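Participant: generate a structure from the sequence data that follows.
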Amino acid sequence: MPQEAIPETTDAAESRNQAQARLAALRGEIDRLDDLLHDTLMQRAAIVSELAASGLKRGASYRPAREAQILRRLLARHRGRLPKQAVVGMWREMLAATIAMQGPFAVVVWNPGAGAGTVSLAREHFGSITPIRWMRSTAQVLYAVAEGEAQAGVLPLPQDDPNAAGGNDPWWLSLMRGERPALSVIARLPFISARTEGASRASALIVAAIRPEPSGEDRSLVAFHSADEVSRARVADRLTAAGLPPLNLILHRPERGEAACLAEVDGLIAADDPRLATLVESGAAAARPAVIGGWPVPPPESAYLPDPE
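Facilitator: Numbering: from 1, shown residues only. So this is what the prediction gives:
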């Protein structure tokens, strides 16, 4: 025999009705906040449009230093259970969209083959609407940006190890030699240093036909030909003595010719910084070093840790 349904008590019915009413109220509050967020987003976009049309803002629409300042501030003030990586991701998408509002903006990416990870890294940084093309050589990337075919190029992080991604292609030499005088390194990827499962593990630098700007916490790349046969330790000692202690040091020793050195140093170094002349005077550099760019330092992984409950 079928089992008879047990009639719902008055208390149970009231409890269920209260739960449904509470659910409806919370959903209504979410809808209200969504509208508020959307209104604010449209207001922000309108201000960006007004700023672009006013002529008050000069230069390129893509400004990594300004973006880094915005994102660092948001990370510092964020509270609650919403992951900080998600907050940065949302703002990165919005920043990319507002760049697109101000004029053509396309990115070219060094991607020699499957598994390089640079395309997904660029997509993460530049958002879903930015046109991205990939190229098999770093020379193609540099050419496309220099000729205005793209406004930014993503290149492999310089490496000592020839077996590392891009390690056998010291593209930075062309910037050191002044072959692409308009181009500079202006940013480093990934900006979100706390990597989740499935995220690209690649690292890269962004070049563009603009100069890096100070963000408050920056690194620079100083490149030069060595004046003699030098060891890594000796180069590092001379840089330190000149007041430019290297945070990272890359040595490129060709079969013929002088060895080339690439030092990552703290701060945003100007081309007329007197410490560069000191490297020549000390015998470390054969000629005045070239500052080939710099970037805002991405927040450390610790900046993405959840706040204690």
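
Participant: switch to C-alpha atoms for all contacts and neighbour counts from now on
Facilitator: Noted.

Participant: which parts of stretch 194-214 are buried?
Facilitator: 194, 200, 202-214 (16 or more other C-alpha atoms under 10 Å).

Participant: of all these, which comes closest to residue 264?
Facilitator: Closest approach between the buried residues of stretch 194-214 and residue 264, by C-alpha to C-alpha: residue 205, at 12.4 Å.

Participant: helix or strand for that closest one, which one?
Facilitator: strand 204-208 (DSSP states H and E).

Participant: CA atoms of that strand as PDB?
Facilitator: Extracted in PDB, the C-alpha atoms of strand 204-208 (Å, rounded to 0.1, in the frame of the first residue of the first chain):
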ATOM      1  CA  ALA A 204      57.500  37.000 -19.500                       C
ATOM      2  CA  LEU A 205      58.300  40.600 -20.100                       C
ATOM      3  CA  ILE A 206      56.200  43.200 -22.000                       C
ATOM      4  CA  VAL A 207      57.800  45.600 -24.500                       C
ATOM      5  CA  ALA A 208      56.100  48.700 -26.000                       C
END
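
Participant: within its sheet, name the partner strands of that strand and how each one runs.
Facilitator: Strand 204-208 sits in its sheet next to strand 152-156 (antiparallel), strand 184-189 (antiparallel), going by DSSP bridges.

Participant: who touches it?
Facilitator: With contacts defined as C-alpha atoms under 8 Å, 6 or more residues apart in numbering, strand 204-208 is touched by 118, 142, 145-146, 151-157, 183-190.

Participant: by contact count, what packs against the helix or strand following it?
Facilitator: Using DSSP H and E, the helix or strand that follows strand 204-208 in sequence is strand 218-225. With contacts taken as 3 or more C-alpha pairs under 8 Å, 6 or more residues apart in numbering; DSSP states H and E, strand 218-225 sits against strand 260-266, strand 290-296.

Participant: pull the residues that contact strand 218-225.
Facilitator: 176, 258-269, 285-297.

Participant: swap in stretch 88-101?
Facilitator: 45, 48-49, 61-62, 67, 71, 75, 105, 124-130, 192.

Participant: out of those residues, which are buried?
Facilitator: Using 16+ other C-alpha under 10 Å, the buried ones in the contacts of stretch 88-101 are 45, 48, 61-62, 67, 71, 75, 105, 124-127, 130, 192.

Participant: show me these that map onto helices.
Facilitator: 45, 48, 67, 71, 75, 124, 125, 126 (DSSP state H).

Participant: lovely, talk soon.
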